[in-house]
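Asker: sequence unavailable; structure follows:
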């Protein structure tokens with residue numbers, strides 16, 4: 001009766017309880033261990049299909065169940081689930097570490113006759129051989145044992161980092177007065193007032209969740225209120241946090257993670273973790289990444305300096321702020337944008353109701369990629385979660401291509417940010433010879449709808465929210481539209497980490513196309529579409545502060561790479577961050593800023609020595625989108641043949657070949673930075 005052991009195609013999310021986790025994982029680990037012993041026996045054939053039928057099936061079952069538990073941990077965390085997850089985590093980590101370093105399995109893969117493999121299998125085999133080496137399969141004795149210990153410790157530390165970040169965010173609340181809330185959008189005020197009432201408190205309950213924090217920083221007239229939230233946000237999970245939250249300090253976790261990563265790299269024969277991290281990526285070396293980032297910073301800096309000068313002048317002349325503080329910049333920026341372009345984000349937001357935006361997103365995907373998207377049924381973990389299916393018409397009828405869960409709203413117990421995860425990958429299963437269709441999670445943290453005069457209004461999205469939704473759906477399309485049948489290289493699997501953002505960032509471009517945007521807007525009260533004159537203002541403001549935003553991303557990326565290459569893990573990491581800021585940034589934070597302490601991408605995600613991937617892939621995605629600009633029709637609509645070519649060259653190919661080959665198959669050449677600079681208003 002354990003739902004994690006159910007043979008159902010989709011996870012039984014509504015039935016999974018904390019007490020199911022450990023027994024299910026123990027059962028699945030036992031099965032996976034038995035499969036490992038079976039395939040590594042001397043008389044077991046060194047054949048790809050035979051190994052996949054035995055070991056691949058067993059590990060996929062384990063991966064699916066653990067994926068469901070991990071997902072629930074991210075979107076519906078509670079003390080009981082956290083305890084069950086942490087109890088199982090060391091055993092799961094130990095198995096995957098041992099599997100990746102098993103010299104018997106390594107030898108079996110070496111013995112496979114490559115002539116018996118199709119191109120997809122050969123790519124998967126090539127990746128597997130590389131991963132064995134990176135997984136410590138060539139280590140022996142004490143080094144081998146230490147490598148396994150490091151993996152266990154890193155898994156636990158990353159989990160603790162993530163927990164501290166979530167707990168520090170959830171622990172903060174501030175009850176603001178009506179006077180303090182002047183300028184804050186009405187929908188945010190209503191949500192905050194309802195949250196306070198639910199706690200039996202007066203006033204407005206403010207939190208550090210993004211749907212609350214960001215509008216306050218942008219619109220609240222009270223500099224003191226902005227300062228209160230800013231300080232709480234920028235010191236989360238650090239030694240500078242409020243004394244009631246010091247138990248969430250991530251300082252030692254960061255130091256321990258960095259030391260273990262350096263030790264791991266040394267054991268594998270690499271000078272540092274940055275070099276090790278790049279082995280399966282597109283970038284050739286840390287020096288190449290640093291050169292790329294500094295070159296882009298050099299190009300962006302004049303634009304960033306102009307952005308800052310404009311902000312200072314406007315603050316002084318129009319807001320009576322002679323010396324703006326860090327918590328003032330978002331407010332000053334919003335006011336400058338309103339003055340310069342004669343519109344506000346709040347005005348735009350009224351036209352982007354979540355249902356209308358979602359319908360517009362589906363429409364462009366359906367038109368461009370020859371698919372149809374429909375509501376579907378599946379057990380979920382929250383009432384706001386929706387489930388969909390993607391189909392394609394063929395000569396024999398409608399064919400299921402993929403399915404996905406959509407979880408759009410922020411709530412307590414759900415980690416911040418937005419992401420796509422896979423539930424399962426497309427796979428011609430070796431045990432049944434049936435084609436398994438891919439399933440994905442698409443997760444965002446938007447504000448929920450509010451009640452106005454007794455009527456429930458749909459959630460309103462900022463334009464940034466809209467681009468976030470398109471971004472995550474781009475990841476989802478990459479995973480679900482693949483036509484690759486080999487599990488380890490289908491969809492996003494096997495794609496170089498610094499290329500995996502290409503399809504997601506590519507989709508963001510459609511949020512700036514009038515012929516796309518106008519079909520996914522309807523004013524929340526009048527149902528009128530977005531007026532063309534308002535869109536033109538938005539378009540004029542598209543690259544507002546793009547110089548500052550570019551330098552901000554480069555600051556994160558350069559800090560990440562230098563942290564994993566040029567930094568002594570035993571030393572304090574804050575001086576390095578300050579050095580990077582002194583080199584790159586034109587806008588300096590206060591001395592007590594501790595952004596590294598919640599930098600989950602690199603300390604609790606997959607972006608360690610890889611955060612540069614966002615800027616790297618922006619070059620790819622901007623150049624890819626330029627193909628649509630070059631072939632657009634007189635009406636401005638995307639060319640469907642270009643859409644088909646993109647789908648086939650990029651999305652359908654997945655990880656079955658190097659990302660550069662896929663890009664050149666689409667564009668006919670290597671990528672150029674020109675389109676990115678042009679799109680961001682920084683062309684020479």
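Answerer: Good, I have the coordinates. Model, not experiment: these values are computed from the prediction.

Asker: what's the single longest helix in this structure?
Answerer: When the chain is parsed with DSSP state H, its longest helix is helix 286-318.

Asker: now that helix, how far from the centre of its chain.
Answerer: Averaging C-alpha positions (Cα atoms, centre = their mean, to the nearest Å) puts helix 286-318 25 Å from its chain's average.

Asker: quick check: buried residues in it?
Answerer: Neighbour-count burial for helix 286-318, counted by 16 or more other Cβ atoms under 10 Å, picks out 286, 289-290, 292-293, 296-297, 299-301, 303-304, 307-308, 310-312, 314-315. C-betas here are computed from N, CA, C, even on glycine.

Asker: who does the helix-or-strand element of the chain with minimal mean pLDDT pair up with?
Answerer: For the chain, using mean pLDDT, DSSP states H and E, the weakest element among its helices and strands is strand 451-452, scoring a mean of 79. Sheet pairing for strand 451-452, assigned by DSSP bridges, gives strand 455-456 (antiparallel).

Asker: let's test this: mean pLDDT of the partner strand, rounded?
Answerer: The average pLDDT for strand 455-456 rounds to 84.

Asker: tell me the first helix or strand C-terminal of it.
Answerer: As assigned by DSSP states H and E, the chain's next helix or strand after strand 455-456 is helix 463-480.

Asker: find the centremost residue of the protein, please.
Answerer: residue 419 (3.9 Å; Cα atoms, centre = their mean).

Asker: got phi/psi on that residue?
Answerer: Phi and psi for residue 419, reported as degrees, to the nearest 10, are phi -160, psi 160.

Asker: and the closest residue in space to it that isn't next to it in sequence, what are its bridge partners?
Answerer: Nearest non-adjacent residue to residue 419, counting by Cβ to Cβ, 6 or more residues apart in numbering: residue 443, 5.3 Å away. Note on residue 443: beta-bridge partners by DSSP bridges are residue 407, residue 419.

Asker: so what's residue 443 up against?
Answerer: Residues in contact with residue 443, defined by Cβ atoms under 8 Å, 6 or more residues apart in numbering, are 74-75, 407, 418-421, 472.

Asker: kindly give a single PyMOL line that selects the buried subset of those.
Answerer: Buried residues within the contacts of residue 443, by 16+ other Cβ under 10 Å, are selected in PyMOL with:
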select buried, resi 74+75+407+418+420+421+472
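
Asker: so this protein: which segments form each domain?
Answerer: Per automatic domain parsing, the structural domains of the chain span 3-116, 154-162+254-334+544-684, 172-248, 344-373+385-542.

Asker: now the ones you listed in CSV, with distance to residue 122?
Answerer: Formatted as CSV, these follow (distance: least, Cβ to Cβ, whole Å):
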stretch, distance to residue 122
domain 3-116, 6
domain 154-162+254-334+544-684, 9
domain 172-248, 44
domain 344-373+385-542, 9
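
Asker: quick one: buried residues of stretch 379-399?
Answerer: 380-381, 385-391.

Asker: in stretch 246-262, what counts as buried?
Answerer: So for stretch 246-262, counting by 16+ other Cβ under 10 Å, buried means 248-251, 253-258, 260-262.

Asker: which members of those residues occur in helices, if any?
Answerer: Taking DSSP H, the ones among these that sit in helices are 251, 253-258, 260-262.

Asker: between the residues you listed, which sits nearest residue 21?
Answerer: Set against residue 21, the nearest of those by Cβ to Cβ is residue 253 (23.4 Å).

Asker: contact partners for that closest one?
Answerer: Taking Cβ under 8 Å, 6+ apart, one finds 157, 160-161, 164, 603 in contact with residue 253.

Asker: quick one: which of those residues is most hemmed in?
Answerer: Top of these by neighbour number is residue 161, holding 25 neighbours under the definition other Cβ atoms under 10 Å.

Asker: that one and residue 96: what is the separation?
Answerer: According to Cβ to Cβ, to the nearest Å, residue 161 stands 19 Å off from residue 96.

Asker: and residue 669, how many neighbours?
Answerer: Residues near residue 669, counting by other Cβ under 10 Å, number 9.

Asker: adding secondary structure, distance to residue 206 and pLDDT, write the contacts of residue 253 out as TSV.
Answerer: What follows is the contacts of residue 253, written out as TSV (DSSP: H, G, I helix; E, B strand; the rest coil; distance: Cβ to Cβ, whole Å; pLDDT from 0 to 100):
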residue	secondary structure	distance to residue 206	pLDDT
157	helix	31	98
160	helix	27	97
161	helix	25	98
164	helix	21	97
603	helix	27	98
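
Asker: what is the nearest of those residues to residue 665?
Answerer: Distance to residue 665 across these (Cβ to Cβ) is lowest for residue 603, with 35.6 Å.

Asker: leaving out chain neighbours, which residue sits closest to residue 447?
Answerer: Excluding the flanking residues, the one nearest residue 447 by Cβ to Cβ, 6+ apart is residue 211, at 3.6 Å.

Asker: got the contact list for the one you found?
Answerer: Per Cβ under 8 Å, 6+ apart, neighbours of residue 211: 188, 191, 410, 445-447.

Asker: which pair in the residues you listed spans the largest distance?
Answerer: For those, the maximum inter-member distance is 14.3 Å, found between 188 and 445 (Cβ to Cβ).

Asker: neighbour count winner among those two?
Answerer: Taking neighbours as other Cβ under 10 Å, residue 188 and residue 445 compare with residue 188 leading, 25 against 21.

Asker: who touches that one in this structure?
Answerer: Contact analysis of residue 188 by Cβ under 8 Å, 6+ apart lists 211-212, 215-216, 219, 447.

Asker: now do the host helix or strand of residue 212 and helix 463-480, the angle between them.
Answerer: Residue 212 is part of helix 210-219, with elements assigned from DSSP H and E. On the basis of axes from the mean of the first three to the mean of the last three Cα atoms, to 10 degrees, helix 210-219 is oriented at 140 degrees to helix 463-480.

Asker: off-centre distance for helix 210-219?
Answerer: 21 Å.

Asker: which parts of it are buried?
Answerer: 210-219.

Asker: cool, and stretch 104-120?
Answerer: Result for stretch 104-120 [16+ other Cβ under 10 Å]: buried residues 105-106, 108-109, 112, 117, 120.

Asker: for residue 458, give me phi and psi.
Answerer: Main-chain torsions, residue 458, degrees, to the nearest 10: phi -70, psi 160.

Asker: in TSV, list the buried residues of stretch 104-120 along with distance to residue 679 and secondary structure.
Answerer: Output for the buried residues of stretch 104-120, formatted as TSV (distance: Cβ to Cβ, whole Å; DSSP: H, G, I helix; E, B strand; the rest coil):
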residue	distance to residue 679	secondary structure
105	46	helix
106	45	helix
108	48	helix
109	43	helix
112	45	coil
117	40	coil
120	34	helix
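
Asker: okay, those residues in JSON lines with distance to residue 397 next?
Answerer: Shown next, in JSON lines, are the buried residues of stretch 104-120 (distance: Cβ to Cβ, whole Å):
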{"residue": "105", "distance to residue 397": "42"}
{"residue": "106", "distance to residue 397": "45"}
{"residue": "108", "distance to residue 397": "41"}
{"residue": "109", "distance to residue 397": "40"}
{"residue": "112", "distance to residue 397": "38"}
{"residue": "117", "distance to residue 397": "32"}
{"residue": "120", "distance to residue 397": "26"}
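
Asker: can you tell me which of those is nearest residue 349?
Answerer: Closest approach to residue 349 among those (Cβ to Cβ): residue 120, at 44.7 Å.

Asker: what's the distance between that closest one and residue 126?
Answerer: Residue 120 sits 11 Å away from residue 126, going by Cβ to Cβ.

Asker: and what of residue 673?
Answerer: Taking Cβ to Cβ, one finds residue 673 at 29 Å from residue 126.

Asker: then residue 530?
Answerer: 48 Å.

Asker: give me every residue that touches residue 12.
Answerer: Applying Cβ under 8 Å, 6+ apart, we find residue 12 in contact with 3, 6, 379.

Asker: I'd guessed the last one sits against residue 11; true?
Answerer: What that stands for is residue 379. Yes. Assessed by Cβ atoms under 8 Å, residue 379 is found in contact with residue 11 at 7.2 Å.
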